[in-house]
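# here is a sequence with its predicted model. Questions after.
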Amino acid sequence: MFCDRLIIMQKGRIVAFGVPEEILTQDLLRDVFCVDARVETSPHHARPHIHYLR
């Protein structure tokens, strides 16, 4: 909702770069940040909305 582009880094290396709608995925959040989450498009602003499951 606040970013036009993101860079996701892991251990000092870029693992993803682009618009949030393309790179913010459940797999990326699990693999890079070790979190269980669901990513949905917000009906309010059409941007990714992350629901953390635990």
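That came through fine.
# and residue 4, what is it in contact with?
The contact partners of residue 4, by CB atoms under 8 Å, 6 or more residues apart in numbering, come to residue 19. Every residue, glycine included, has its C-beta placed from N, CA and C.
# how about it, secondary structure?
Residue 4 falls in the coil class when you classify it by DSSP: H, G, I helix; E, B strand; the rest coil.
# tell me how far it lies from residue 19.
As judged by CB to CB, to the nearest Å, residue 4 and residue 19 stand 7 Å apart.
# what sits closest to the residue nearest the centre of the chain if chain neighbours are left out?
Of all residues in the chain, the one closest to the mean position by CA atoms, centre = their mean is residue 24, 2.6 Å from it. Leaving aside its sequence neighbours, residue 24 sits nearest to residue 48 (CB to CB, 6 or more residues apart in numbering; 4.5 Å).
# mind listing what the one you found touches?
Shown in contact with residue 48 (CB under 8 Å, 6+ apart): 20-21, 24, 39-42.
# rerun at 6 Å
The neighbours of residue 48, taking CB atoms under 6 Å, 6 or more residues apart in numbering as the test, are 20, 24, 39.
# name the single longest helix found in the chain.
helix 26-33 (DSSP state H).
# give the buried residues for the next helix or strand after that one.
Counting by DSSP states H and E, the next helix or strand C-terminal to helix 26-33 is strand 37-41. Of all the residues in strand 37-41, those buried under the rule 16 or more other CB atoms under 10 Å are 37, 39.
# tell me which strands whatever helix or strand comes next after strand 37-41 pairs with, and in which orientation.
Proceeding N to C from strand 37-41, the next assigned helix or strand is strand 48-52, under DSSP H and E. Applying DSSP bridges to the sheet, strand 48-52 is found paired with strand 37-41 (antiparallel).
# what pLDDT, on average, does the partner strand get?
Average pLDDT, strand 37-41: 95.
# and the angle for it with helix 26-33?
Inter-element angle recorded for strand 37-41 and helix 26-33: 140 degrees (by axes from the mean of the first three to the mean of the last three CA atoms, to 10 degrees).
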